[in-house]
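Enquirer: Pasted the sequence and its predicted model underneath.
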Amino acid sequence: MNNSRILGPDGQPLRVAQLVEPQTAHAIQLQREFQGHPSRGLTPSRLAAIMLAAEQGDVIRQYELFEDMEERDAHIYSEMSKRRRAVASLPWKIAPPKNPSAVEKKNAEQLQETLESLDNLEGILFDTTDAIGKGFACQEIEWQRLGAEWQPKSILHRPQSWFQFKRGYQQEIRLRVGGGEGEALQPYGWITHTHAAKSGYLERSALFRVLVWPYLFKNYSVGDLAEFLEIYGIPMRIGKYPPGASEKEKLTLLRALMQIGHNAAGIIPEGMTMDFPAVAEGDPKAFELMISWCERSQSKAILGGTLTSQADGKSSTNALGEVHNEVRKELKDADAKQVATTLTRDLIYPLAMLNGLLPQGDRRRCPRFTFDLAETKDIGAYATALPPLVKLGMRISPTWVHTELGIPEAGPDEAVLVDGADAAPAGVAALTRAGLAVATSQAARGKDREDQLAALVGGEIDPLITDWVEKIQQLVDTAPDLEHIRQGLLDLLPSMSADQFTRAMQHALAIGGAAGMFDALEDSRG
């Protein structure tokens, strides 16, 4: 009972005790540690010392500082939350390996059901993305046996300060227990995600290493701004007492000064006066400028730009914001692919091995955790472009169309939509006809593809041009002089929109480009 027939990544049989009892169950020292807060009284020299110590193997203070940064800086928290939740909220599935057998498809479906039954999968995904800022994140798995099936009982995030690194041919993350080089992580017991912002060792590749200096400078500027407001935000009040005033009279004057500062009312003995001298005006813009620079630097490092976070009103925020949003999509896709790879290795593979769903233990045939990263496609554009392409003889796979549009293929026993050209809108009917044409037969190729293309385009453009010509001809025939023709043309201009003509030309260019690519492919095949 001590050893199972299941082999770990090292090729040795796993011990059942390692599965049912978490590795940190007896790490009392780690569980009772109180986290430090290096950001208190942080100075440039102290920050440099913390980073240097991390490079030399003492990473505890660095990762405690990273926790403080995310907790105390609202801007860092906001930007990191956007990036992390963009991944955690993505739809996902368990995909079988390439060219799967019927058994492999069934195994993938079983793993899908197992993951869907987990209570906090979205939380597990979110905790995995903690590595985006800190370089790595470890979650400990506690296993349980439910009938004949092994399932995770709990998956808990562990602080980065619980771990240390061992350098070798590959850098290894180890649990910080026992002194020395620490303790190796148990196989099948951890989800260990590494997420490098730049190349290098883990202690130097974290994104927060880039953010520590803007964080420090911003803290200085915020403190200076608070001091500025304390000095210049409250008007100066000076009381004057006559010579020979008693201590009681002086105290009365002082109380009056304090009272008038808070309540705008007070009393003083006769013969005493109060002055409110004008102080030199200060300018807080220098502090605001520094704070703004720090936050923009943080946004650039985390999201790749600033216009998805805030707008300054000075830039073309609509156009540039779209560009920056594309950068965010690229970051989201890259983050999601890295997270999916880790979950496949550290969660799906152990589940498959423990439950006998991967008899040969071949990682290449293991089902994969994948995110759906496809963007929503314009069905109308496909409905317009597909029928002409099919008429030109292009062989378009129905499976590809379903994948591009995100429409799942119907099962063999499911009801399907049929051609409803009489009732359906033009775009839907066109798309339906295109699908039927692809599924049943391929259109015969014309001898002259250019003539076919010209006829298709002409069918859209000719009515537009004819309508314009008729209106202008009627104007010229009825106008008494050139001035009336000029005014008539100006009146006609709003109704002669080029939008439909532009769309027709776009369709023509798209169809022509696709036809050219198809011809080139046919030529290459000989």
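Expert: Good, I have the coordinates.

Enquirer: which residue ranges form the strands in the stretch 151-300 of the chain?
Expert: 163-166, 172-175, 183-184, 190-194, 238-240, 273-275 (DSSP state E, counting those that start in this stretch).

Enquirer: Kindly report the same for the chain.
Expert: Secondary structure of the chain (DSSP state E): strands at 3-7, 13-15, 92-95, 136-146, 149-158, 163-166, 172-175, 183-184, 190-194, 238-240, 273-275, 368-371.

Enquirer: May I see the buried residues of the second one?
Expert: In terms of neighbour count (16 or more other C-beta atoms under 10 Å), strand 13-15 has its buried residues at 14-15. (Glycine included, C-beta is placed from N, CA and C.)

Enquirer: Note down every partner strand of that strand and its orientation.
Expert: Applying DSSP bridges to the sheet, strand 13-15 is found paired with strand 3-7 (antiparallel).

Enquirer: now the partner strand: mean pLDDT?
Expert: Averaged over strand 3-7, pLDDT sits at 61.

Enquirer: do the same with stretch 52-64
Expert: 94.

Enquirer: Now tabulate the strands of the chain in TSV and tack on distance to Ala479.
Expert: Below are the strands of the chain laid out as TSV (distance: least, C-beta to C-beta, whole Å):
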stretch	distance to Ala479
strand 3-7	92
strand 13-15	93
strand 92-95	67
strand 136-146	77
strand 149-158	79
strand 163-166	86
strand 172-175	84
strand 183-184	92
strand 190-194	75
strand 238-240	85
strand 273-275	83
strand 368-371	64
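
Enquirer: picking up where we left off before, tell me which of the strands of the stretch 151-300 of the chain lies nearest to Leu65.
Expert: Minimum separation from Leu65 across the strands of the stretch 151-300 of the chain (C-beta to C-beta) falls at strand 163-166, 15.5 Å.

Enquirer: ok, residues contacting the closest one?
Expert: 57, 59, 136, 138, 171-176, 181-182, 201-203 (C-beta atoms under 8 Å, 6 or more residues apart in numbering).

Enquirer: 10 Å instead, please
Expert: 30, 54, 57-60, 63, 136, 138, 171-177, 180-185, 192, 201-203 (C-beta atoms under 10 Å, 6 or more residues apart in numbering).

Enquirer: where does Asn325 land on pLDDT?
Expert: Taking Asn325 on its own, its pLDDT is 68.

Enquirer: For Leu343, which residues are in contact?
Expert: So Leu343 contacts 92, 94, 115, 121, 124-125, 128, 191, 193, 349, 368-371 (C-beta under 10 Å, 6+ apart).

Enquirer: tell me the contacts of Glu295?
Expert: For Glu295, the contact set (C-beta under 10 Å, 6+ apart) comprises 73-76, 78-79, 214, 218, 306, 309-310.

Enquirer: Let me see the contact set for the residue lying closest to Tyr215 once chain neighbours are set aside.
Expert: Spatial nearest neighbour of Tyr215, chain neighbours left out: Met69 (5.2 Å); criterion: C-beta to C-beta, 6 or more residues apart in numbering. Going by C-beta under 10 Å, 6+ apart, Met69 touches 38-39, 42, 76-77, 80, 133-134, 208, 211-212, 214-216, 219, 298.

Enquirer: hey, where'd the helices end up in the stretch 301-450 of the chain?
Expert: Secondary structure of the stretch 301-450 of the chain (DSSP state H, counting those that start in this stretch): helices located at 317-343, 349-354, 379-391, 398-405, 426-440, 449-478.

Enquirer: Sorry, slip of the keys, the one I care about is the stretch 151-300 of the chain.
Expert: With DSSP H, counting those that start in this stretch as the criterion, the stretch 151-300 of the chain has helices spanning 202-205, 207-232, 247-263, 285-303.

Enquirer: Compare these and give me the one nearest Pro159.
Expert: helix 207-232 (14.1 Å).

Enquirer: For Leu509, state which of the contacts of Glu295 is nearest.
Expert: Using C-beta to C-beta, the contacts of Glu295 come closest to Leu509 at Thr306, 34.9 Å.

Enquirer: Please determine how far that closest one is located from Glu295.
Expert: Look at Thr306 and Glu295: by C-beta to C-beta, to the nearest Å, they are 8 Å apart.

Enquirer: repeat for Leu253
Expert: 45 Å.

Enquirer: quick one: pLDDT of Asp10?
Expert: 59.

Enquirer: and this structure, what are its domains?
Expert: For the chain, the structural domains run 3-209+328-371, 210-301, 374-445, 449-526, going by automatic domain parsing.

Enquirer: which of the ones you listed is buried the deepest?
Expert: Compared across those, domain 3-209+328-371 shows the largest average neighbour count, a mean of 17 (mean count of other C-beta atoms under 10 Å).

Enquirer: Let me see the contact set for Trp293.
Expert: Per C-beta under 10 Å, 6+ apart, neighbours of Trp293: 214, 217-218, 221.

Enquirer: meant to ask about Pro350
Expert: For Pro350, counting by C-beta under 10 Å, 6+ apart, the contacting residues are 6, 8-9, 14, 19, 141, 143, 150, 152, 187-191, 358.

Enquirer: if we can go back for a sec, list residues touching both of Thr306 and Glu295?
Expert: Glu79.

Enquirer: How about the contacts made by the residue nearest to Asp73 when sequence neighbours are not counted?
Expert: Excluding its sequence neighbours, the residue lying closest to Asp73 (C-beta to C-beta, 6+ apart) is Tyr215, at 5.9 Å. Shown in contact with Tyr215 (C-beta under 10 Å, 6+ apart): 39, 42, 47, 65-66, 68-70, 72-73, 75-76, 208, 294, 297-298.

Enquirer: Run a quick check on Leu216 versus Gln298, I expect a contact.
Expert: No - in this structure, Leu216 is not within contact of Gln298 by C-beta atoms under 10 Å, at 11.8 Å.

Enquirer: Next one, pLDDT for Leu521 please.
Expert: 61.

Enquirer: let me fix that: Pro44
Expert: For Pro44, pLDDT reads 89.

Enquirer: Could you do Glu21 as well?
Expert: pLDDT at Glu21 comes out at 88.

Enquirer: got a list of what it touches?
Expert: Contacts of Glu21 (C-beta under 10 Å, 6+ apart): 15, 142-143, 186, 189.

Enquirer: Ok, Leu146 next?
Expert: Applying C-beta under 10 Å, 6+ apart, the residues contacting Leu146 are 114, 117, 153.

Enquirer: That one and Ser117, how far apart?
Expert: Here Leu146 is placed at a distance of 10 Å from Ser117 (C-beta to C-beta).

Enquirer: cool, Ile302 as well?
Expert: Distance from Ile302 to Ser117, by C-beta to C-beta: 34 Å.

Enquirer: Show me the two of the contacts of Pro350 that sit farthest apart.
Expert: Maximum distance among these (C-beta to C-beta): 19.2 Å, for Trp190 and Leu358.

Enquirer: circling back to that earlier point, least reliable of the helices of the stretch 301-450 of the chain by average pLDDT, please.
Expert: Among these, helix 426-440 scores lowest, with a mean of 49.

Enquirer: Hmm, Leu331 and Lys300 touching each other?
Expert: No - under the criterion of C-beta under 10 Å, Lys300 is not in contact with Leu331, lying 11.7 Å apart.

Enquirer: State the phi and psi torsions of the residue of the chain most remote from its centre.
Expert: Going by C-alpha atoms, centre = their mean, the residue of the chain most distant from its centre is Gly244, 73.0 Å out. Dihedral pair for Gly244: phi 90, psi 10, per degrees, to the nearest 10.

Enquirer: show me what contacts it?
Expert: By C-beta under 10 Å, 6+ apart, Gly244 has no neighbours at all.

Enquirer: where's it relative to Glu79, distance?
Expert: From Gly244 to Glu79 the distance is 64 Å (C-beta to C-beta).

Enquirer: And the contacts of stretch 108-115?
Expert: By C-beta under 10 Å, 6+ apart, stretch 108-115 touches 92-97, 100, 121, 124, 146, 149-152, 343, 347-348, 351-352, 355, 357-358, 366-369.
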